[in-house]
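**Q** Here is my input; please provide its structure:
(one chain, ligands or ions: 2)
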Amino acid sequence: MYKVRTYNKISEKGLGLFDSERYNIGEGLESPDAFILRSQKLHDEAFPDSLLAIARAGAGVNNIPIPDCTEKGVVVFNTPGANANAVKELVVAGMLLASRDVYGGMNFVQSLTDMDDAGEMAKRLEAEKKRFAGGEIAGKTLGIVGLGAIGSMVANMGLELGMSVAGFDPALSVEAAWRLSSRVQKVDNLHALLKICDFVSLHIPANEHTRGLVDDEAFAAMKPGGCLINFAREEIVDPEALVKALDEGRLHRYVADFPRPELLGRPEAILMPHIGASTAEAEQNCAVMATRQLMDYLENGNITNSVNFPQTRMGRNGGWRITFANRNVPKVLGSVLSVLADRDINVIDMVNKSRGEIAYNIIDVESEPGPGALEAIAAAEGVIRLRVLPPKA
Ligand SMILES: NC(=O)c1ccc[n+]([C@@H]2O[C@H](COP(=O)([O-])OP(=O)(O)OC[C@H]3O[C@@H](n4cnc5c(N)ncnc54)[C@H](O)[C@@H]3O)[C@@H](O)[C@H]2O)c1
Ligand SMILES: O=C(O)[C@H](O)COP(=O)(O)O
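**A** Ligands and ions are numbered 1, 2, ... in the order given. Coordinates of the predicted model:
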């Protein structure tokens with residue numbers, strides 16, 4: 001029986017895929033094989049020795065201590081693209097809210113509780129509506145920082161809304177490039193992008209390279225009166241520089257999914273409580289993808305969409321399956337194969353993949369590897385984590 005500890009609200013559409021005969025799923029389970037979670041911060045949590053994998057039902061993994069996981073051989077998965085449409089749709093809402101005072105206008109209407117004559121009310125609305133006038137987004141320039149799963153969708157959507165679109169991404173993946181319209185102008189540095197855009201939307205991960213990326217210099221480079229949209233992560237925007245840019249009127253609106261106390265009460269700040277991925281569809285997509293990836297890893301050792309381990313898959317062929325993670329240095333695989341050869345354990349098929357300092361292997365063998373073989377493999381220099389899985393048709 002595998003044990004999967006859950007955190008946060010994970011859609012039942014995903015959790016329901018775990019077969020209750022083989023999986024025990026729940027909050028606070030002791031000695032879990034895996035965690036499944038959303039934004040739960042794990043940096044201060046002790047990891048049980050039993051932990052093999054963490055599935056993040058979502059995109060951002062800055063809530064997980066990835067280097068520690070890698071060191072311990074814990075595979076971390078995320079669900080690329082599964083919530084991208086939900087974020088894209090909220091970016092449209094953000095741009096509209098930044099351009100027109102929809103929120104102020106609605107609040108004004110709801111404040112007229114003392115009026116009971118429809119005719120009088122209509123006159124008052126017509127007289128006051130000029131206070132809530134705005135601009136259109138068609139014809140404006142939208143800049144996207146990060147053209148991955150979300151950024152590429154936002155870019156294409158900008159074109160459909162009649163905007164000019166420019167994008168900056170120094171590490172654009174081939175798949176993202178295929179998704180992107182050829183009408184998106186590629187810009188080769190952040191400040192050049194900021195200079196030409198009326199709206200700038202951030203779609204990059206929070207990491208050591210992006211923390212504080214939007215700083216005083218970035219705000220100074222921005223087109224005066226521009227709007228910044230942040231559905232990526234709070235820490236990408238330097239808070240002091242942001243407040244200064246709003247105070248000086250250089251930044252017209254800050255639309256963000258990550259409110260901070262100093263922004264409360266400021267009409268230029270349009271703030272949401274981290275709801276970018278909070279749609280039924282996105283929650284289901286993420287939970288289903290995370291669950292499938294986790295089950296395939298626990299039952300077959302296959303790795304799909306990991307953020308710290310190489311993509312590694314091999315079909316089952318009836319044999320016993322040995323999987324192990326190792327430091328990516330010479331001779332480790334050779335030592336393991338020698339252990340098997342010395343015990344006349346025949347290899348049916350194998351795959352060896354590496355990613356930076358880590359390597360991962362799947363070796364299918366004809367006969368069950370006994371405790372002596374497994375002890376010798378686990379003791380081989382460089383081996384971090386070993387598993388053995390029974391045959392499966
Ligand atoms: N508000 C929400 O609810 C919500 C929902 C989903 C994702 N997110 C955030 O959005 C981020 C992006 O999500 P995604 O699914 O598009 O991820 P993704 O991995 O598909 O795309 C990220 C892109 O950013 C690029 N990039 C990285 N560093 C960059 C830099 N310094 N400058 C320019 N480009 C850079 C990468 O090359 C990649 O193409 C996530 O990491 C997460 O933090 C927030
Ligand atoms: O990175 C993500 O996928 C988003 O920030 C969504 O986070 P959530 O799953 O906690 O809503």
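
**Q** Tell me the buried residues in the strand or helix carrying residue 24?
**A** Counting by DSSP states H and E, the element that carries residue 24 is strand 23-26. Neighbour-count burial for strand 23-26, counted by 16 or more other Cβ atoms under 10 Å, picks out 23, 25. All C-beta spots, glycine's among them, are computed from the backbone N, C-alpha and C.

**Q** Centre of the chain to it, how far?
**A** Put simply, strand 23-26 sits 24 Å off its chain's centre (Cα atoms, centre = their mean, to the nearest Å).

**Q** counting contacts, what elements does that strand pack onto?
**A** Here strand 23-26 touches strand 2-6, going by 3 or more Cβ pairs under 8 Å, 6 or more residues apart in numbering; DSSP states H and E.

**Q** From the contact counts, what lies against the strand it packs on?
**A** Secondary elements touching strand 2-6 (3+ Cβ pairs under 8 Å, 6+ apart): strand 23-26, strand 34-37.

**Q** Can I get those strands in a markdown table including distance to ligand 2 and mean pLDDT?
**A** Converted to a markdown table, the helices and strands packed on strand 2-6 look like this (distance: least, Cβ to the nearest ligand atom, whole Å; pLDDT from 0 to 100):
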| stretch | distance to ligand 2 | mean pLDDT |
| --- | --- | --- |
| strand 23-26 | 18 | 98 |
| strand 34-37 | 8 | 98 |
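
**Q** burial of the nearest residue to residue 177 once chain neighbours are set aside, as a residue count?
**A** In space, and not counting its chain neighbours, residue 177 is closest to residue 147: 7.9 Å by Cβ to Cβ, 6 or more residues apart in numbering. By the other Cβ atoms under 10 Å criterion, the neighbourhood of residue 147 contains 25 residues.

**Q** Contacts only, for residue 147.
**A** 155, 167, 168, 169, 172, 176, 177, 180, 184, 203 (Cβ atoms under 8 Å, 6 or more residues apart in numbering).

**Q** can you check residue 299 too?
**A** 389, 392.

**Q** Pick out the residue in the chain sitting closest to ligand 1.
**A** Here the chain gets closest to ligand 1 at one residue, residue 148, 1.8 Å apart by Cβ to the nearest ligand atom.

**Q** can you pull the contacts of that residue?
**A** Applying Cβ under 8 Å, 6+ apart, the residues near residue 148 are 80, 169, 173, 176, 203, 204.

**Q** Now do the helices in the stretch 1-150 of the chain.
**A** Ranges of helices in the stretch 1-150 of the chain, per DSSP state H, counting those that start in this stretch, are 12-15, 66-72, 84-99, 102-110, 118-128, 149-160.

**Q** can you check the stretch 201-350 of the chain too?
**A** 216-221, 239-247, 280-300, 332-342.

**Q** Quick one: mean pLDDT for the longest one?
**A** In this case it means helix 280-300. The average pLDDT for helix 280-300 rounds to 98.

**Q** chain center to it: distance?
**A** On Cα atoms, centre = their mean, the centre of helix 280-300 falls 14 Å from the chain's centre.

**Q** In that helix, which residues are buried?
**A** Using 16+ other Cβ under 10 Å as the test for burial, helix 280-300 gives 282-295, 297-300.

**Q** Equivalent analysis for the shortest one, please.
**A** Across helix 216-221, burial judged by 16+ other Cβ under 10 Å covers 218, 219.

**Q** Same check on stretch 129-139?
**A** For stretch 129-139, burial by neighbour count (16+ other Cβ under 10 Å) applies to 132, 137.

**Q** returning to what we had before: list the ones among the contacts of residue 147 that fall in helices.
**A** Those of the contacts of residue 147 mapping onto helices are 155, 176, 177, per DSSP state H.

**Q** for these, which one is nearest residue 50?
**A** Nearest to residue 50, judged by Cβ to Cβ, of the ones in helices among the contacts of residue 147 is residue 176 at 36.2 Å.

**Q** For the closest one, give its distance to ligand 2.
**A** 17 Å (Cβ to the nearest ligand atom, to the nearest Å).

**Q** and what of residue 52?
**A** 22 Å.

**Q** and residue 123, how far is that from ligand 2?
**A** 44 Å.

**Q** what about that residue, how many neighbours?
**A** If we define neighbours as other Cβ under 10 Å, then residue 123 has 12 of them.

**Q** confidence score at it?
**A** pLDDT, residue 123: 97.

**Q** just the one 10 residues further on next, same as before
**A** Listed pLDDT for residue 133 reads 96.

**Q** cool, and residue 393?
**A** With respect to pLDDT, residue 393 scores 68.

**Q** Could you find the closest non-adjacent residue to residue 339?
**A** Nearest residue to residue 339, sequence neighbours excluded (Cβ to Cβ, 6+ apart): residue 376, at 4.4 Å.

**Q** how close does residue 251 sit to residue 81?
**A** 30 Å (Cβ to Cβ, to the nearest Å).

**Q** same thing with residue 268?
**A** From residue 268 to residue 81 the distance is 32 Å (Cβ to Cβ).

**Q** out of those two, which sits in the more crowded spot?
**A** residue 81 (20 against 16).

**Q** Pull the contacting residues for that one.
**A** Counting by Cβ under 8 Å, 6+ apart, residue 81 touches residue 149.

**Q** Quick check, pLDDT for it.
**A** Note on residue 81: pLDDT of 97.

**Q** Once you drop chain neighbours, what's closest to the residue in the stretch 151-300 of the chain positioned nearest to ligand 2?
**A** Across the stretch 151-300 of the chain, no residue is closer to ligand 2 than residue 277, which sits at 3.6 Å (Cβ to the nearest ligand atom). Closest residue to residue 277 apart from its sequence neighbours, by Cβ to Cβ, 6+ apart: residue 83 at 3.8 Å.

**Q** hang on, isn't that neighbour packed against residue 282?
**A** Yes. Using Cβ atoms under 8 Å, residue 83 is in contact with residue 282, at 3.8 Å.

**Q** what's downstream of the helix or strand bottoming out on mean pLDDT in the chain, the next helix or strand?
**A** Ranked by mean pLDDT, DSSP states H and E, the helix or strand of the chain with the weakest confidence is helix 174-179, at a mean of 92. With elements assigned by DSSP H and E, the helix or strand that comes after helix 174-179 is strand 185-186.
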